[in-house]
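>>> Okay, predicted coordinates and the sequence, questions at the end:
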Amino acid sequence: MLRFFRTIRKNLIEEDNVRKYLLYAIGEILLVVIGILIALQINNWNEEQKRELKVNQYLVQIQNELLNDLGTLEEVIKRLEFLDNYMEKVIKNQLTKSDYKENPSLRFLIGSSATSNITDEGFKRLLEVIDETNFSDEKVLLDLKKFYVQYKKQLETINNTFLSYGHDRNNRVYENFDWASTQDPLINKLGDEEIEFLLNNPIYKNSVVRYRGIAIGNALQFYHLLQMEIASIY
């Protein structure tokens, strides 16, 4: 093709036909410009296709992350229901000395928790490219933003509540009871003084009531809501 144009140009020069040569030159320039514009359009189309592909990849990643989070959430709810069941027994005085001897981990009802996290790596990546694409499903995007921004913040608050209650409970016990300051609960077996505290101390019972209502109860309610939200998005 280039050889063909060179031949035409050479003939026009040899014929000393300036007008035809200028028209030819202008036509050749227009062809080059049109070619560049077509190339740019093709390049832009290719880039758009790449971004659309990334959007689809990130949506699949979000779907997989939600599925994994849902599985984790189910295990967390089971753990919280277990704790809630034993706290009810504490409040109703249904636990015995033998129960604590057989299951020393019951000493950790306050402070014990089962926390869950929201994996948002796919969502973060989606936000990086979404404005440069023709993604038009505004409802899906709004639902995702609500889930990953609003619910993630609520989840962090719940997790902090568990940590705060556990820390405060341990401090109160260590400050007020000698048996607590002279043993390592991760090593030592439950002693009679500690079991007496767990069975009969009214301050401990009140702490269990508050912890069950504020930490465990709120967490269970929120996690069940989270389950439904994930299921609806997924």
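Perfect, thanks for sending it. In this text, all values refer to a predicted model and were calculated from it rather than measured experimentally.

>>> Centre of the chain to whatever helix or strand residue 127 lives in, how far?
When elements are assigned from DSSP states H and E, residue 127 belongs to helix 121-130. From the chain centre to the centre of helix 121-130 is a distance of 12 Å (Cα atoms, centre = their mean, to the nearest Å).

>>> which residues in this protein form helices?
Counting by DSSP state H, the chain has helices at residues 2-14, 18-91, 97-102, 121-130, 138-145, 152-176, 178-181, 192-200, 202-210, 218-233.

>>> what's the closest of those to residue 115?
Nearest of the helices of the chain to residue 115, taken as Cβ to Cβ: helix 152-176 at 4.7 Å. For every residue, glycine as well, the C-beta is placed using N, CA and C.

>>> can you state the direction angle for that closest one and helix 202-210?
If you take axes from the mean of the first three to the mean of the last three Cα atoms, to 10 degrees, helix 152-176 sits at 180 degrees to helix 202-210.

>>> Just want the angle from helix 152-176 to helix 121-130.
Helix 152-176 runs at 140 degrees relative to helix 121-130, counting by the same axes, to 10 degrees.

>>> and residue 103, backbone torsions?
phi -130, psi 80 (degrees, to the nearest 10).

>>> separation between it and residue 109?
Between residue 103 and residue 109 the computed distance is 11 Å (Cβ to Cβ, to the nearest Å).

>>> Just want to know which of the two has more residues nearby.
residue 109 (22 against 12; other Cβ atoms under 10 Å).

>>> need the contact list for that one.
With contacts defined as Cβ atoms under 8 Å, 6 or more residues apart in numbering, the neighbours of residue 109 are 83, 86-87, 90, 208, 211.

>>> Find the pair from those residues with maximum spatial separation.
Largest separation among these by Cβ to Cβ: 86 and 211, giving 11.7 Å.

>>> if you count what's nearby, which of the two comes out ahead?
residue 211 (24 against 19).

>>> Apart from its neighbours in sequence, what residue is nearest that one?
Excluding the flanking residues, the one nearest residue 211 by Cβ to Cβ, 6 or more residues apart in numbering is residue 110, at 4.9 Å.
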